[in-house]
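Peer 1: Starting from these lines, generate the structure:
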Amino acid sequence: MEHSVFVDRTVDLLRSLLGYARDRIRTHEALGDLLPDRVPPEEVVGAALVEALRRVDDAPADRLYPWLRGFVRQAIAREVADWRRRRRERSLDEPVGTGWSDDSGIGVPLRLIDVLPDPTAPTPEELATAAEVQRAIAALLGQAPDIWREPLRLHAIDGLPIAAVARMEGVTTAEVRRRIERAREFLRARLAEEYEEGRAPAAETLLAAMPRTEPAPEALARLHERLGTGRAG
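Peer 2: A predicted model of the protein is given here:
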């Protein structure tokens with residue numbers, strides 16, 4: 001792909017890439033693979049863009065967003081591997097019997113039922129302000145394949161029309177609807193596994209509680225600099 005075309009098209013995808021990065025980072029935080037709030041999504045996306053620019057000639061014209069998403073996924077995997085390495089090194093250096101005073105609970109997967117035992121109590125607005133709840137929801141969604149989860153996130157959380165998601169994914173609108181329904185079914189099944197006797201919260205309520213991607217202007221400006229556009233977004 002021509003460099004200028006790649007840059008222009010990637011600029012239009014920055015918000016969605018940041019949303020994807022935030023979703024995956026929250027999932028790893030909930031699973032205990034990353035410390036909460038230590039890996040900024042814009043840094044991960046920035047690292048991914050650097051790698052993508054090195055391979056711009058390989059960029060596909062019809063499925064650019066999934067292609068870029070792969071670089072973001074690799075960048076997050078590197079962060080997870082780095083944290084695991086540092087945790088192993090620290091555990092070897094710790095005297096026997098000492099605890100991790102600042103890392104309490106790290107390594108223990110976070111379940112939604114543990115942070116939201118009564119799903120009928122809070123309102124969606126209250127859910128949206130609870131970081132642990134958001135991470136637990138992300139962990140549930142994170143168990144679904146990217147191919148299902150990302151269309152659901154783009155449509156149900158970020159509010160993109162089905163047609164826009166189809167263009168980004170390089171598939172038909174019918175296929176996008178099928179993938180979204182698969183993701184919803186997957187989420188309902190996981191919720192039913194955690195909650196007993198029909199007490200599981202509605203998947204739609206949880207999705208409505210997740211905040212849309214609204215990156216700070218300075219974060220977008222830094223990503224534009226990585227792309228070499230010189231624009232602030």
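
Peer 1: need the longest helix for the chain.
Peer 2: helix 64-93 (DSSP state H).

Peer 1: buried residues in the next helix or strand after it?
Peer 2: As assigned by DSSP states H and E, the chain's next helix or strand after helix 64-93 is helix 112-115. Neighbour counts using 16 or more other Cβ atoms under 10 Å place 112-113, 115 of helix 112-115 among the buried residues. Placement of C-beta: from N, CA and C, glycine included.

Peer 1: for stretch 196-214, same thing?
Peer 2: Buried residues in stretch 196-214, defined by neighbour count with 16+ other Cβ under 10 Å: 200-201, 203, 206-207, 209-210, 213.

Peer 1: can I get these in CSV with pLDDT and distance to residue 35?
Peer 2: Output for the buried residues of stretch 196-214, formatted as CSV (pLDDT from 0 to 100; distance: Cβ to Cβ, whole Å):
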residue, pLDDT, distance to residue 35
200, 80, 29
201, 80, 27
203, 83, 28
206, 81, 24
207, 83, 26
209, 75, 23
210, 80, 21
213, 76, 22
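
Peer 1: Closest one of those residues to residue 13?
Peer 2: Nearest to residue 13 among those is residue 213, at 11.4 Å by Cβ to Cβ.

Peer 1: so how far is residue 188 from the closest one?
Peer 2: Distance, residue 213 to residue 188, using Cβ to Cβ, to the nearest Å: 24 Å.

Peer 1: Heading C-terminal from the least confident helix or strand in the chain by mean pLDDT, find the next helix or strand.
Peer 2: Among the helices and strands of the chain, helix 124-128 carries the lowest confidence by mean pLDDT, DSSP states H and E, at a mean of 56. Next helix or strand after helix 124-128 toward the C-terminus (DSSP H and E): helix 131-142.

Peer 1: Extract the C-alpha trace of that next one and format it as PDB.
Peer 2: Taking C-alpha atoms only, helix 131-142 is exported to PDB below (Å, rounded to 0.1, in the frame of the first residue of the first chain):
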ATOM      1  CA  ALA A 131     -12.900   0.000  37.200                       C
ATOM      2  CA  GLU A 132     -13.000  -3.500  38.600                       C
ATOM      3  CA  VAL A 133     -16.400  -4.200  37.000                       C
ATOM      4  CA  GLN A 134     -15.200  -3.000  33.700                       C
ATOM      5  CA  ARG A 135     -12.100  -5.200  33.900                       C
ATOM      6  CA  ALA A 136     -14.300  -8.200  34.800                       C
ATOM      7  CA  ILE A 137     -16.600  -7.500  31.900                       C
ATOM      8  CA  ALA A 138     -13.600  -7.200  29.600                       C
ATOM      9  CA  ALA A 139     -12.300 -10.500  30.900                       C
ATOM     10  CA  LEU A 140     -15.600 -12.200  30.000                       C
ATOM     11  CA  LEU A 141     -15.600 -10.700  26.600                       C
ATOM     12  CA  GLY A 142     -11.900 -11.400  26.200                       C
END
